[in-house]
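In: The following block contains a protein sequence and its predicted model.
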Amino acid sequence: MSKQQWADDLKKVIGDDKVKIDEPLSLHTVTRMGGRADLFCDPETEEGVQAVVRYAHENGIPVLLLGNGSNMVVRDGGVRGIVLNLSNLNEIRFDGKSVYAESGADIKVVSRESASRGLTGFEFACGIPGSVGGAMVMNAGAYGGEIKDIIHRCTILTPEGERMVLSKEELELGYRTSIIAKKGYYVLSAEFTLEEGDQEEIDAKVADLTHQRESKQPLEFPSAGSVFKRPPGYFAGKLIQDSGLQGKGFGGAEVSTKHAGFIVNKNGATATDYIRTIEMVRDAVKSNFGVDLELEVKIVGEES
C-alpha cells in the first residue's frame, strides 16, 4: 500500500488538513534539521490519535512519535512510515493541587502556570524544553527535581491502540527512562499532584532557575538540549570541556563554547554534521577518560 493510500485513508478519519505527505521534519524539530516524513499526522483529539495508532498497527506501518522535537535528531534521509505529532493536544487544567495536562502541552508552560497559582513542586521544569509527553517518556528532570517526584498517573496508548491508565508505580520511572520508553507507549495525558506553597518563595525559585539556565545554556542557537546522560561519578559537560572540544565540530554543528554538554546548530548544520560531532565527542571522551557517554537525545530516521 502506498503512502498516498495511507494519507487518503487517514484523512477520512482525522481530517484533510491533519495529514501531510513528505513533510520536512526540519520544520518541526528544535534543531531545525531532518529529512522528510512519508506521512505527517497531527490529530486534534485523543480519539484521532487512537485512530492513527490503530490504523498503523493494523497495516504494519511504523510510527514515530514527535513531541515538540526538542530531544531528537532526525537523520537527513527522513522517516519512513508515519510521524505522529501531538502538539494539538495541549489542554492544561487545574483542580486544587492537581494538574492535568495533555501530551502536547509545553512542560515549561505547565510548570509556570502551576507556580503562578501558588503550587510548588513543578518549579524544576520551568526551563525544560519539551512536551509533557516527552517529559513523561524520559522522566525529565533538572535542578534536583524529576517528573517522578510529582506524577500521579498517566494515560497512554499501547502500540496496538489500547487505552490504559498507569499509576506512578506502574510507570517504572528511573533516570531518564520509564515503562513508556521500554514498551513504546504513546502518552495522551498526565496528572500531577503538587503542594500549596508560599508565592514569594515560588516566584524566587522560578526566577533563580530561569537565570541559571539562561546564563549557562546556549539558548541563542538551535540544539537538541543536553546531548548525553550523566555518567556515574562524572559530569558529561566537564569531561567534554576537559577534552578541549568546545568550539569544535563538523559543518554547521559545534560543541557549545557556553556549555560543553550541548551541541548547537550554529550555521545551517545537517543532521549528518550533528551526528558526526556527537561521535567525535564520544570517541574523545572514551580515549581521554575511559568513559562511555550514553546519549540522552534520540537519533531517528534514515541516512540520506
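Out: Cool, got the structure. None of the values given here were measured: they were computed from a predicted structure. Numbers count the residues shown, from 1 in each chain.
In: Averaged pLDDT, the helix or strand that Val285 is a member of. What do you get?
Out: Using DSSP states H and E, Val285 sits within helix 271-289. In this model, helix 271-289 has a mean pLDDT of 98.
In: Which elements pack onto the helix or strand just after it?
Out: The first helix or strand that comes after helix 271-289 along the chain, using DSSP H and E, is strand 298-300. The contact analysis (3 or more Cβ pairs under 8 Å, 6 or more residues apart in numbering; DSSP states H and E) places strand 298-300 against strand 72-74. The C-beta positions use only the backbone N, C-alpha and C, and glycine is treated the same way.
In: quick one: the residue nearest to Arg282 when sequence neighbours are not counted and Ala37, what's the gap?
Out: Among residues not flanking Arg282 along the chain, Leu293 sits closest, at 5.0 Å (Cβ to Cβ, 6 or more residues apart in numbering). Using Cβ to Cβ, to the nearest Å, we find Leu293 at a distance of 29 Å from Ala37.
In: Comparing those two, which residue is more hemmed in?
Out: A count of neighbours by other Cβ atoms under 10 Å puts Ala37 above the other of Leu293 and Ala37, at 27 against 23.
In: mind checking how far Asp16 is from Gln4?
Out: 13 Å.
In: now swap in Asp242 and tell me
Out: Applying Cβ to Cβ to Asp242 and Gln4 gives a distance of 52 Å.
In: Same check on Ile92?
Out: 37 Å.
In: hmm, who's touching the helix or strand harbouring Glu200?
Out: According to DSSP H and E, Glu200 maps onto helix 199-216. Residues from elsewhere that reach helix 199-216 (Cβ atoms under 8 Å, 6 or more residues apart in numbering): 111-112, 115, 118-120, 123-124, 126-127, 142-143, 219, 258-259.
In: If you count surrounding residues, which of Asp242 and Gln4 has more?
Out: Taking other Cβ under 10 Å, Asp242 and Gln4 do not tie; Asp242 has more neighbours (14 against 10).
In: Just give the number of residues close to Tyr185.
Out: Using other Cβ under 10 Å, Tyr185 has 24 neighbouring residues.
In: Make 36 the first number, not 1, from now on.
Out: Yes, from this point I'll number from 36; that puts the last item at Tyr220.
In: In contact with it, which residues?
Out: By Cβ under 8 Å, 6+ apart, the neighbours of Tyr220 are Ile191, Leu192, Thr193, Pro194, Met199, Ile214.
In: Now secondary structure too, for these, in a markdown table please.
Out: Shown next, in a markdown table, are the contacts of Tyr220 (DSSP: H, G, I helix; E, B strand; the rest coil):
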| residue | secondary structure |
| --- | --- |
| Ile191 | strand |
| Leu192 | strand |
| Thr193 | coil |
| Pro194 | coil |
| Met199 | strand |
| Ile214 | helix |
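In: So how do I select the buried members of those in PyMOL?
Out: Entered in PyMOL, the line below selects the buried ones among those, by 16 or more other Cβ atoms under 10 Å:
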select buried, resi 191+192+214
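In: closest to Pro78 among the contacts of Tyr220?
Out: Relative to Pro78, the closest of the contacts of Tyr220 is Leu192; by Cβ to Cβ it sits at 11.8 Å.
In: Other residues contacting the helix or strand containing Glu148?
Out: Element membership for Glu148 (DSSP H and E) is helix 142-151. Here helix 142-151 makes contact (Cβ under 8 Å, 6+ apart) with 127, 129, 134, 136, 156-167, 169-170, 175, 227, 229, 237-238, 241.
In: secondary structure class for Gly139?
Out: Under three-state DSSP, Gly139 comes out as coil.
In: how about it, what does it touch?
Out: Gly102, Asn103, Asn120, Leu121, Ser122, Asn123, Leu124, Asn125, Ser166, Val167, Gly168.
In: cool, Leu154 as well?
Out: Applying Cβ under 8 Å, 6+ apart, the residues contacting Leu154 are Phe129, Lys132, Val134, Leu229, Glu230, Glu231, Gly232, Ile237.
In: go again using 7 Å as the cut-off
Out: By Cβ atoms under 7 Å, 6 or more residues apart in numbering, the contact set of Leu154 is Lys132, Leu229, Glu230, Glu231, Gly232.
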